[in-house]
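>>> Dropping a prediction and its sequence here:
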Amino acid sequence: MGLASDSPASFPFSTAKLAASPRFCNPISRRIFSDVAGDLTVSVDGQSFLLHKFPLVSRCGRIRRMVAESKDPDLSKLELVNVPGGALAFELAAKFCYGSNFEINTVNVAHLRCIAEYLEMTEEYQEENLIVRTETYLNEIVVKNLDKSLEVLCACDGLDPTVEDVGLVDMCVDAIAINASKEQLVSGLAHLECDVGSGKLRMHCQDWWVEDLSALRIDYYQRVIIAMRRTGVRPESIGTSIVHYAQTALKGIERRHVWDSGPLVGDNQRVIVETLIDLLATEKITSVTLSFLFGMLRMAIEVDAGLDYRIEVEKRIGLQLEMASLDDLLIPATQTSDSMFDVDTVHRILVNFLQRIEEDDSGNLSPCGYESDDGLKSPSHSSVLKVGRLMDGYLAEIAPDPYLKLQKFMALIELLPDYARIVDDGLYRAIDIYLKAHPSLTESECKKVCKLIDCQKLSQDASSHAAQNDRLPIQTVVRVLYFEQLRLKSTVSSTTPHTTSLGGDGCGGSLSQRMMMTGGSGVASSCVSPQRDNYASLRRENRELKLEIARMRVRLTELEREQGVMRQGMRDGRGGGEHGRALLASISRGIGRIAMLGGAQGGAERRKTKKSSHSQSQWSSDGGGKMSNRRRHKASSVTYAAS
């Protein structure tokens, strides 16, 4: 009986070879030799073998001791329990004891080594016993070859704990790591190319063993990856291997149901997910893609992995959140959650991102980062701006969820700093969608969420839309109109540079100066008449807007006073109904006056709409106030109203 040859046909990567090997010992009804009767029946896993004592006792220490310790001098039956490899492995060991010639290969060497240890087939009983034979094969052939080491390690599955006691797993793990490191070095040098343009060396090599490692059991795989890190295998190769293992082992994962009884199918998958997350925790941030991290996070939620593992993945995602997409953040909530999306997970990811920004920030950012020249050049500020736009899109996506609590919605908005949004149009759009999807909000809740909008950061189109939005509280509309009036005043001032030197209000001084310079000639007057008409129109609209705002403030004061009178009357029990009707009538008149503010801006809005008609569609599709018939007829090109 010799060792196996090195030909590929001698080492098929399958356990079928072991199962399909010729039967050496049949059940008790058959005899091994026709001229010698069997005198010992050995039972292994319910299967009986009719054998002879002498070949077994001469090589197996365990059987010799069992026969010697037996009180029956005519012992004819033995029962072996917890045999590593079962009846198939014992059959190979019996063949060896009888001197039958068979091949040791990568499929059966692990079983032979474990059964030899179990039967105590050492040199104490006979030279070149089975333990020595298997150790020789492992040391001379297996550990020197990466492929064969992988095959033997895969064959170790099901041989616990004997395979651990004999050190076979550690031997294969170390052999795989060392050979992978050697192959990577050799193949890297063979594929080393020089980039003439940059003068840099580039390495082009692929590791074939990345896919083969996916056949390992998860605990074996973890030990192999740890050993590879220790031997210096490239982090990129390890990251690729982890991704491939996850895609292979977690393919076709099914959602767990809370009403399922019995052992859950996802328990093994949960162990795989948690082990892979442990391996990722020590990898470099660039070794795996962000989309894979989000996939692992979804898997961790699906298999109900421990919170510590989910937090670890969330930290890794938070380190590069600025590269995420909106689809990555739309994580479905678990069945036990009320909302449609897992908002708490996104909240924790955002917290991790902001903590990273605080750690990386060198202090060059001002409190309002976008106002600082250094802040604009800061990479961290650029990341914050990207995340701000990303979160505005995320808020708009989750806003229609009818089960989304206001506290969670506002918590995401308040988490980002002020300098994360240069323009609040996206935030206004998200809040408007939320108000439309949650009509049951109280007035105080609407005021609370609308206070998060910085009216100074709204664009001209967003301000015009907000001024006509009947879902917004009156206080918010007043703030929008106020800042719009300031913007209009600033625009008028910027278009009349001579106003400061000549005094006066608006463009009157500039026109007077032009008349003085031309001496009242009709030619010069006709040249500036279009501009004069434009300035006059702006001044007239500005005065009308100021007047309407003043009237609105007076009316709001009256409403508050009447409301106080009604409350006092209700407390005194007198005239509650009359005051209530008066208050309702006053509120109706007040709202009617507020709606009429759109008319004061008619001329300016028609001109502004022509310049920005391409940007108005985003508001008309998501929400907004309804215009009056007169306003719609007067400026039909403005389409901000929501369906």
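Looks like it arrived, so ask away.

>>> Report the backbone C-alpha coordinates of stretch 345-352 in CSV.
Taking Å, rounded to 0.1, in the frame of the first residue of the first chain, the C-alpha atoms of stretch 345-352 are listed here in CSV:
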residue,chain,number,x,y,z
THR,A,345,-31.1,52.8,11.2
VAL,A,346,-30.6,55.8,8.9
HIS,A,347,-30.6,58.1,12.0
ARG,A,348,-27.7,56.1,13.5
ILE,A,349,-25.8,56.1,10.2
LEU,A,350,-26.1,59.9,10.0
VAL,A,351,-24.9,60.2,13.6
ASN,A,352,-21.8,58.2,12.8
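
>>> Which residue is the nearest non-sequential neighbour of M299?
Nearest non-adjacent residue to M299, counting by Cβ to Cβ, 6 or more residues apart in numbering: V273, 5.1 Å away. Quick note: C-beta positions are derived from backbone N, CA and C, even for glycine.

>>> quick one: the one you found from L56, how far?
Shown here: V273 relative to L56, a distance of 47 Å by Cβ to Cβ, to the nearest Å.

>>> between the two, which one's more packed in?
V273 (29 against 24; other Cβ atoms under 10 Å).

>>> which residues does the closest residue to Q320 other than its chain neighbours contact?
Closest residue to Q320 apart from its sequence neighbours, by Cβ to Cβ, 6+ apart: L290 at 5.6 Å. Taking Cβ atoms under 8 Å, 6 or more residues apart in numbering as the contact definition, L290 lies against 317, 320, 323-324, 328.

>>> Then L427?
L427 makes contacts with 392, 395, 413, 421, 452-453, as judged by Cβ under 8 Å, 6+ apart.

>>> got JSON lines for those, with pLDDT too?
Shown next, in JSON lines, are the contacts of L427 (pLDDT from 0 to 100):
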{"residue": "D392", "pLDDT": "95"}
{"residue": "L395", "pLDDT": "96"}
{"residue": "I413", "pLDDT": "94"}
{"residue": "R421", "pLDDT": "91"}
{"residue": "L452", "pLDDT": "93"}
{"residue": "I453", "pLDDT": "92"}
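
>>> Tell me the one among those nearest to A155.
When the contacts of L427 are compared for distance to A155 (Cβ to Cβ), L395 wins out at 53.9 Å.

>>> Is the closest one in contact with F409, as I believe?
Yes. Shown here, L395 and F409 form a contact pair, counting by Cβ atoms under 8 Å, at 7.2 Å.

>>> Pull up the overlap in contacts between those two.
Common contacts of L395 and F409, defined by Cβ under 8 Å, 6+ apart, comprise Y434.

>>> Now do the same for the residue nearest to M299: its pLDDT.
Looking at V273, its pLDDT reads 94.

>>> hang on, the earlier thing: grab the two from the contacts of L290 that are most spread out in space.
Within these, Q320 and D328 form the most distant pair, 10.9 Å apart (Cβ to Cβ).

>>> Who has more neighbours out of the two?
D328 (21 against 16).

>>> hang on, that one packs against F292?
No. The pair D328 / F292 is not scored as a contact, 10.7 Å apart, by Cβ under 8 Å.

>>> The closest residue in space to I131 that isn't next to it in sequence: neighbour count?
Ranked by Cβ to Cβ, 6+ apart and with sequence neighbours excluded, the top spatial neighbour of I131 is A116, at 4.6 Å. A116 has 27 neighbours, counted by other Cβ under 10 Å.

>>> Would you confirm that A116 belongs to a helix?
Yes. A116 sits within a helix when classified using DSSP: H, G, I helix; E, B strand; the rest coil.

>>> In contact with E123, which residues?
129, 131-132.

>>> What of L458?
423-425, 428, 466, 480, 483.

>>> likewise G86?
Listed by Cβ under 8 Å, 6+ apart, the contact set of G86 reads 44-45.

>>> And for the one 4 residues further on?
Contact partners of F90, counting by Cβ under 8 Å, 6+ apart, are 42, 44, 49, 80, 83, 115.

>>> Could you do C114 as well?
Taking Cβ under 8 Å, 6+ apart, one finds 84-85, 89, 159, 162-163, 166, 168 in contact with C114.

>>> which residue packs closest to it, ignoring adjacent ones?
Using Cβ to Cβ, 6+ apart, the closest residue to C114 is P84 (3.8 Å).

>>> Surely that neighbour is in contact with H111?
Yes. The pair P84 and H111 passes the contact test of Cβ under 8 Å, sitting 7.3 Å apart.

>>> got the contact list for the strand or helix carrying F409?
Element membership for F409 (DSSP states H and E) is helix 406-415. Contact with helix 406-415 is made by 339, 343-344, 346-347, 350-351, 354, 391, 394-395, 398-399, 427, 431, 434, 438, 441, 445, 448-449, 452, as judged by Cβ under 8 Å, 6+ apart.

>>> go with 6 Å
For helix 406-415, the external contacting residues (Cβ atoms under 6 Å, 6 or more residues apart in numbering) are 343, 350, 445, 449, 452.

>>> Show me which pair in the residues you listed is furthest apart.
Put simply, by Cβ to Cβ the two of these set farthest apart are L350 and E445, 22.7 Å from each other.

>>> which one of those two has more residues nearby?
Comparing L350 with E445 by other Cβ under 10 Å, the one with more neighbours is L350, at 23 against 15.
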